[in-house]
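>>> Kindly generate the corresponding structure for this input.
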Amino acid sequence: MRTRRQQDTEESEINLTPMLDVVFIMLIFFIVTATFVKQAGQEVQRPEAVTADEQKRIAILIAITDEDEIWINNKEVDVRSVRFVVERLHAENPQGGIVIQADEKSKSGVVIDVMDQLKLTGVPVISIAAEKD
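You can find the predicted model right below:
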């Protein structure tokens, strides 16, 4: 025979399983619906333009610093390997385009070399980032 105290403690326990299920489902929902910010790896000072438009589907960001360094996905890349890195990244997400974030003090020759490499990849949308004037 059970005592009154044992019966009270058994009845007063709260089942947390349904609450944990709901919290877990909400966590999955927020992870799946979150948009992740893409970064090239270096902060650049973009030139201003009156006609600058916001791009919605960006798959690859390429940064060209004021010292003419090329950065893709937080890694410095040589201009000769830009094509191969972009082809690999574009195969992972073929729907998005490419945005070049060139510093306003970078040399135009480096930007043109990068654009030449990108044209060889066959990606249809290649843009150059600018600040809205």
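
>>> and stretch 124-132, which residues are buried?
Of all the residues in stretch 124-132, those buried under the rule 16 or more other C-beta atoms under 10 Å are Ile126, Ile128, Ala129, Ala130. The way it works is simple: take the backbone N, C-alpha and C, and place the C-beta from them, glycine included.

>>> and the second one, what are its bridge partners?
Read it as Ile128. Counting by DSSP bridges, Ile128 is bridged to Ile100.

>>> can I assume it is in contact with Asp103?
No: proximity of Ile128 to Asp103 does not meet the contact threshold set by C-beta atoms under 8 Å, at 11.5 Å.

>>> Count the neighbours of the residue nearest to Val79 when sequence neighbours are not counted for me.
Among residues not flanking Val79 along the chain, Asp113 sits closest, at 5.0 Å (C-beta to C-beta, 6 or more residues apart in numbering). Residues near Asp113, counting by other C-beta atoms under 10 Å, number 17.

>>> so Asp113 sits right up against Ser81, yeah?
No: using C-beta under 8 Å, Asp113 is not in contact with Ser81; the gap is 11.9 Å.

>>> Show me whatever sits in contact with both of the two.
Shared contacts of Asp113 and Ser81 (C-beta atoms under 8 Å, 6 or more residues apart in numbering): none.
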